[in-house]
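> What follows is a protein structure lacking sequence information:
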């Protein structure tokens, strides 16, 4: 059999997958005449037609099915070869399994992972989102390498015995108000009494998840809406339908039409945030821990 080029194999695989020359051309970024030339070259190498042209596209012949299957297997092998050759120069990729509670997963973890990759480009990550007790359990059972958890009044307390606990900055609570709200212009922390008659948008969910309800020290706050996700809460606040408690770690991803306000509340018992790992101090895990502890700029 005359030589069958790698390009021809890619084209045959794409035409068989799409059932048309035009679909293959779009996928590969080729012109349609270029695709036709490669199909002709493949058919010449095979010594028989690989496709039957029709009004609604093309169908593979029996020979076309065999060549398309061979193309898939061969090209997959070439991809694996590329990966192994890359590993000779850059080293193998290292997977780190990281988990966080929802607010940390949105506002803290993405930026920390980006910083970690600057220090160690070979890292890859699998991410888990769950409540703090569940995350700690997964670290204890070896299913996670690092967990970001929260502790404080109103939160279920995870069992941290036997684990390494690293305090993280950014555990404070703030209040999100729509731009144009009287509190939005405050340049200093507002007294908690100014929140007493506000309408609140609060979270809802499973019992072991932090809900971020109304401000923790208020008595009988007015609840306007309960919603599970942060985008829903942000939308309701931006529309002027209430205000909500927002953890400081979410500041980098809060929409621009919401202002963040600090609260002067001497009775507030603050929340704390930790990174939790095993005690073996694996260096690649330490890269992520250092990135989590770096100060973050807020708007």
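Happy to help now that I have it. Everything numeric in this text was worked out from a predicted model, so none of it was measured. Residues are numbered from 1 along each chain as shown.
> going forward, measure contacts and count neighbours with C-alpha atoms only.
OK.
> can you list contacts of stretch 166-186?
Contacts to stretch 166-186, defined as C-alpha atoms under 8 Å, 6 or more residues apart in numbering, come from residues 150, 190, 237-240, 242-249, 257-263, 270-276, 292-293, 295.
> likewise stretch 96-114?
123-132, 135, 143-150, 209, 247, 249-253, 284-285, 288, 291-292.
> And the residues you listed, which of them are buried?
Among the contacts of stretch 96-114, those classed as buried by 16 or more other C-alpha atoms under 10 Å are 123, 128-132, 135, 144-150, 209, 247, 249-252, 285, 288, 291-292.
> Let's test this: mean pLDDT of the lengthiest helix in the chain, rounded?
In the chain, taking DSSP state H as the definition, the longest helix is helix 62-90. Helix 62-90 carries an average pLDDT of 83.
> Buried residues in it, which are they?
63-65, 67-68, 71.
> can you check stretch 229-238 too?
Judged by neighbour count using 16+ other C-alpha under 10 Å, the buried positions of stretch 229-238 are 230, 233-234, 236-238.
> hey, where'd the strands end up in the stretch 1-150 of the chain?
Per DSSP state E, counting those that start in this stretch, the stretch 1-150 of the chain carries strands over the ranges 51-54, 57-60, 94-100, 123-129, 146-151.
> Strands of the stretch 151-299 of the chain, start to end?
Under the criterion DSSP E, counting those that start in this stretch, the stretch 151-299 of the chain contains strands at 164-168, 173-178, 190-191, 199-203, 222-227, 244-247, 258-261, 263-264, 272-277.
> so what does the third one touch, helix or strand wise?
If contacts are counted by 3 or more C-alpha pairs under 8 Å, 6 or more residues apart in numbering; DSSP states H and E, strand 190-191 sits against strand 263-264.
> Where does pLDDT dip in the stretch 51-200 of the chain?
86-93, 153-157 (pLDDT under 70).
> what number of residues lie near the residue lying closest to residue 36 once chain neighbours are set aside?
For residue 36, ignoring the flanking residues on the chain, the nearest one in space by C-alpha to C-alpha, 6 or more residues apart in numbering is residue 21 at 7.1 Å. Neighbourhood size, residue 21 [other C-alpha atoms under 10 Å]: 23.
> Could you check the pLDDT of residue 21?
91.
> Does it touch residue 37 like I think?
No: counting by C-alpha atoms under 8 Å, residue 21 does not reach residue 37; the two are 10.7 Å apart.
> Let's see the distance spanning stretch 125-145 from one end to the other.
Counting by C-alpha to C-alpha, to the nearest Å, you get 10 Å between the two ends of stretch 125-145.
> I should have written stretch 15-32 there, sorry.
So stretch 15-32: terminal residues 11 Å apart, C-alpha to C-alpha.
> Any chance you could list what contacts it?
11, 14, 35-36, 57-60, 64-65, 68.
> most neighbours, which of the residues you listed?
residue 11 leads those on contacts (other C-alpha under 10 Å) with 27 neighbours.
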